[in-house]
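Peer 1: Make a model of this:
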Amino acid sequence: MSPAADLGRALCIITGASRGFGRALAQNVSRLVQPGSALVLVARSGPDLRTLQAELTESEAGRAGLKVEVVVADVGKAESLENIMRTCREAFCEDMDHVMLINNAASLGDVSKYVKDLSDMAQVDSYLSLNVSSALCLTARVLQAFPQHAGLRRSVVNVSSLCALQPFRSWGLYCTGKAAREMMFKVLAEEEPDLRVLSYSPGPLDTEMQLEARSKTADLSIKKTFSSMFAQGQLLTCEMSSARLMKVLLDDKFTSGDHVDVFDV
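Peer 2: Okay, here's the model as predicted:
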């Protein structure tokens with residue numbers, strides 16, 4: 001099967017879209033959808049989102065008819081999901097042939113603590129709400145709002161991590177959240193055979209989250225590893241990693257529910 005030339009006339013929802021990897025994803029997707037498509041970009045930072053919206057609206061894709069909507073929201077809150085879905089329904093056109101959700105929003109959590117120090121249930125609940133519950137509930141709402149029918153492709157991408165598969169000392173919250181999401185989307189792939197589900201690990205990216213990891217990680221060996229990667233120029237750019245994700249989606253050779261690492265592409 002030859003790779004697809006584009007993502008079709010799509011409604012694409014991207015969470016955590018204002019900075020870093022999410023911003024790069026929005027830029028790449030905008031170049032790979034057909035005229036008449038719509039992007040719904042979600043993040044907590046309004047100014048950054050609106051700057052990106054203006055950039056994409058003024059781009060070649062924007063001038064060709066790409067609609068770019070933004071939702072300033074904390075996806076960890078129920079009322080935010082309502083606002084996102086309202087915008088998605090308004091942006092969707094009946095002649096669209098693809099609905100894609102990219103669950104990118106995430107936080108590192110408190111990496112200054114080991115598991116034995118995580119005794120504050122409110123802190124843990126808050127982390128899991130943003131990093132696990134929101135992805136599950138938003139995905140469910142998108143699938144309910146846009147049910148399967150002839151002529152409509154539906155894709156769900158979970159932005160994952162090596163931490164979904166391997167333990168990192170003092171990264172208990174982050175590893176737990178990523179592992180939970182990984183299994184959640186594997187179950188979804190089993191339940192919905194017509195849905196294309198992918199967990200993509202973008203690799204060690206040069207982002208604010210990576211800076212936080214180098215600065216605050218309690219475990220000295222993990223901290224040294226990330227600091228060395230930065231010092232030796234081994235971090236990946238968001239643009240390069242997001243382009244590899246686009247290649248995986250266009251090639252469409254993965255088994256639904258698979259975990260694909262950037263270094264496997």
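
Peer 1: For the spatially most central residue of the chain, give me its contacts.
Peer 2: Centrality entry for the chain: nearest residue to the mean C-alpha point is N104, 1.9 Å, by C-alpha atoms, centre = their mean. Residues in contact with N104, defined by C-beta atoms under 8 Å, 6 or more residues apart in numbering, are 14-17, 21-22, 25, 157, 159. C-betas here are computed from N, CA, C, even on glycine.

Peer 1: Serialize the residues you listed to CSV and add fields for distance to Q53, secondary structure and pLDDT.
Peer 2: Conversion of the contacts of N104 to CSV gives the following (distance: C-beta to C-beta, whole Å; DSSP: H, G, I helix; E, B strand; the rest coil; pLDDT from 0 to 100):
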residue, distance to Q53, secondary structure, pLDDT
I14, 12, strand, 98
T15, 15, strand, 98
G16, 15, coil, 97
A17, 10, coil, 98
F21, 18, helix, 98
G22, 13, helix, 98
L25, 14, helix, 98
V157, 21, strand, 98
V159, 21, strand, 98
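
Peer 1: got a markdown table for those residues, with distance to F92 too?
Peer 2: Converted to a markdown table, the contacts of N104 look like this (distance: C-beta to C-beta, whole Å):
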| residue | distance to F92 |
| --- | --- |
| I14 | 15 |
| T15 | 17 |
| G16 | 21 |
| A17 | 18 |
| F21 | 25 |
| G22 | 21 |
| L25 | 19 |
| V157 | 18 |
| V159 | 23 |
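
Peer 1: Strands along the stretch 151-265 of the chain, start to end?
Peer 2: Using DSSP state E, counting those that start in this stretch, the strands found in the stretch 151-265 of the chain span residues 153-159, 196-201, 258-261.

Peer 1: what would these look like in TSV with distance to Q232 and mean neighbour count?
Peer 2: Putting the strands of the stretch 151-265 of the chain into TSV (distance: least, C-beta to C-beta, whole Å; neighbours: other C-beta atoms under 10 Å) gives the following:
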stretch	distance to Q232	mean neighbour count
strand 153-159	25	23
strand 196-201	20	24
strand 258-261	20	17
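
Peer 1: Select, out of those, the one closest to L211.
Peer 2: L211 sits nearest to strand 153-159 of all those, at 18.2 Å, using C-beta to C-beta.

Peer 1: Relative to the closest one, what are the paired strands and their orientations?
Peer 2: Strands that pair with strand 153-159, judged by DSSP bridges, come out as strand 98-103 (parallel), strand 196-201 (parallel).

Peer 1: For the chain, list the residue farthest from the centre, please.
Peer 2: Centroid-distance maximum for the chain: K116 at 29.4 Å, with C-alpha atoms, centre = their mean.

Peer 1: So for that one, what pLDDT did the model give?
Peer 2: K116 is assigned 98 on the pLDDT scale.

Peer 1: Since that was my last question, I'll sign off now.
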